[in-house]
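Participant: build me a model:
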Amino acid sequence: MKKSLRSPALHKVVQDYIKQYILEHGLKPGDPLPPEGQLVEDLGVGRSSVREAVKSLQSLGILDVKHGDGLYVRELNFDPMLETFQFGMQFDPHTLAELLQIRLWLEAAVIGDAVKRIGEREFRELDLLMHTWETRIQEKEDYFDLDEEFHRIIYGVLNNQSLMKLFSVFWIAFLGLEIDAIRDSDPAEELRSHHIILDAIKAHDPVRARKETLKHFDHVKMRIQQYIESVDSNVGLQ
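Facilitator: Residues are numbered from 1 along each chain as shown. From the prediction side, this is the model:
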């Protein structure tokens, strides 16, 4: 039976219908949805309203549109947040410092639980990672992916995929800036700092692990602040 809709914002009504359809039918990531043509017929709206709704849900990370194949439910993601962060940091450099502070608050809040749960398997992975990291520095190769992996292994023991995806958003947002002024200026010191954090974790000392983690970011905060001041100074000269 058709549901005839009348509204000045039909695409929003269609959005709500699609989201409710996903919930009521218990759809999971990767499951297909009715094709656009069926949605047009079932809801009694124009194809343009359905397409606008689908486009909006795609931008929100809810739907995956496979051209020529149909509509599918996407896995939970923070893509819209990532896009907002990346634009925000370019639009207002002060956002850089604010987002880093949010990440620090998150890490400070969860590292204690991670220290309690981490085990020998993770320590073996971290030891191997640190060895690879040292080799890359010696060969003057990029090691930023290892930095991210270091934190992923530690917090992965918490089994919270939303937390891991949120950390990933912060990481991608910062790396996407490609601003040399805020990248690591001393690779050897960066590696040493991670060794100190790892030593505290291996000692199962959550207080020291939290302290060293926050201390590790002090130099990043300093470089970001210097970058912001340089930007503000250039703006003031215009």
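Participant: C-alpha only now, for contacts and for neighbours.
Facilitator: OK.
Participant: I'd say residue 134 and residue 191 touch.
Facilitator: Yes. With contact defined as C-alpha atoms under 8 Å, residue 134 counts as touching residue 191 (7.3 Å).
Participant: the lengthiest helix in the chain - contacts with which helices or strands?
Facilitator: For the chain, the helix that runs over the most residues, judged by DSSP state H, is helix 94-117. Applying 3 or more C-alpha pairs under 8 Å, 6 or more residues apart in numbering; DSSP states H and E, we find helix 94-117 packed against helix 79-91, helix 144-156, helix 161-175, helix 206-216, helix 218-237.
Participant: can you say which of the ones you listed is nearest to residue 117?
Facilitator: Closest to residue 117 of the helices and strands packed on helix 94-117 is helix 144-156 (C-alpha to C-alpha; 9.2 Å).
Participant: and residue 78, how far from residue 71?
Facilitator: 19 Å (C-alpha to C-alpha, to the nearest Å).
Participant: who's more crowded, those two?
Facilitator: Neighbours were counted for residue 78 and for residue 71 using other C-alpha atoms under 10 Å; residue 71 has more, 20 against 16.
Participant: give me the contact list for the helix or strand harbouring the more buried one.
Facilitator: Using DSSP states H and E, residue 71 sits within strand 70-73. Residues from elsewhere that reach strand 70-73 (C-alpha atoms under 8 Å, 6 or more residues apart in numbering): 22, 27-36, 62-66.
Participant: relative to helix 144-156, how tilted is the longest helix of the chain?
Facilitator: Counting by axes from the mean of the first three to the mean of the last three C-alpha atoms, to 10 degrees, helix 94-117 lies at 50 degrees to helix 144-156.
Participant: in this structure, which residue is closest to the centre?
Facilitator: residue 169 (1.5 Å; C-alpha atoms, centre = their mean).
Participant: quick one: it and residue 114, what's the gap?
Facilitator: In terms of C-alpha to C-alpha, residue 169 sits 20 Å off from residue 114.
Participant: do residue 107 as well
Facilitator: With the distance defined as C-alpha to C-alpha, residue 107 ends up 10 Å from residue 114.
Participant: those two: which has the busier surroundings?
Facilitator: residue 114 (22 against 18).
Participant: so how far is residue 21 from residue 43?
Facilitator: 12 Å.
Participant: who has more neighbours, those two?
Facilitator: Using other C-alpha under 10 Å as the criterion, residue 43 and residue 21 rank with residue 43 on top: 17 against 14.
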